[in-house]
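Engineer: Below is the structure, and that's it, no one-letter string:
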């Protein structure tokens, strides 16, 4: 396992998940990669939608890229690349989606990041979403790289 720090955040409802996404959207910058892991229905796409809507308020409907595999969102600042890698069979298939451009020039939100294997950049922010104690609650386990640590200060305080 990784020697990265990891800390849990309780997300009691949908609003808390959206607020976390908005706080991270406010500090994300070009070249950032956010890996969204967790079981089906745990809130990965919900998080991504809230992140994109926070960066581009009122500008986009945000469909799940389950079938397209990637959706791009342009506006002020870097393009956001929203990947859903559930359907790729091998990490190398991600090259066909332009993932190297996303890593270099955009902000990447990657659902099912484990599908990338060793292609995942070391400097990413890993977020594992899981079900909480109630039907609406979730727990987010954040595991930041060094480049994310200072930007996450105070996050658990709400």
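Structural biologist: Perfect, I can see it now. For clarity, every value in this text was computed on a predicted model and none was experimentally measured. Numbers count the residues shown, from 1 in each chain.

Engineer: Only C-alpha atoms from now on, for both contacts and neighbour counts.
Structural biologist: Will do.

Engineer: Can you show me the helices along the protein?
Structural biologist: Defined through DSSP state H, the helices belonging to the chain, from first to last, are 14-27, 44-55, 99-105, 146-149.

Engineer: gap between the lowest-mean-pLDDT helix or strand in the chain and the chain center?
Structural biologist: Using mean pLDDT, DSSP states H and E, helix 146-149 stands out as the lowest-scoring helix or strand of the chain, at a mean of 91. With CA atoms, centre = their mean, to the nearest Å as the basis, the distance from the averaged C-alpha position of helix 146-149 to the chain average is 15 Å.

Engineer: ok, residues contacting it?
Structural biologist: Contacts to helix 146-149, defined as CA atoms under 8 Å, 6 or more residues apart in numbering, come from residues 123, 124, 125.

Engineer: May I see the buried residues of that helix?
Structural biologist: Under the neighbour-count criterion of 16 or more other CA atoms under 10 Å, helix 146-149 has residue 148 buried.

Engineer: again, but for stretch 115-131
Structural biologist: Across stretch 115-131, burial judged by 16+ other CA under 10 Å covers 115, 116, 120, 124, 125, 126, 127, 128, 129, 130, 131.

Engineer: Just name the most buried of the helices of the chain.
Structural biologist: Using mean count of other CA atoms under 10 Å, the stretch among the helices of the chain with the greatest mean number of neighbours is helix 44-55 (a mean of 22).

Engineer: Tell me which other helices or strands that helix touches.
Structural biologist: For helix 44-55, the helices and strands in contact under the criterion 3 or more CA pairs under 8 Å, 6 or more residues apart in numbering; DSSP states H and E are helix 14-27, strand 107-111.

Engineer: Tell me which residues touch residue 128, please.
Structural biologist: Residues near residue 128 by CA under 8 Å, 6+ apart: 36, 37, 38, 140, 141, 142.

Engineer: Could you check how far the nearest residue to it once chain neighbours are set aside is from residue 78?
Structural biologist: Distances taken as CA to CA, 6 or more residues apart in numbering put residue 37 closest to residue 128, at 4.6 Å, once the chain neighbours are dropped. As judged by CA to CA, to the nearest Å, residue 37 and residue 78 stand 23 Å apart.

Engineer: What of residue 129?
Structural biologist: Between residue 129 and residue 78 the distance is 25 Å, computed by CA to CA.

Engineer: got it, and residue 88?
Structural biologist: Here residue 88 is placed at a distance of 25 Å from residue 78 (CA to CA).

Engineer: Of the two, which one has the most company?
Structural biologist: The neighbour count for residue 88 versus residue 78, taken as other CA atoms under 10 Å, is higher for residue 78 (19 against 14).
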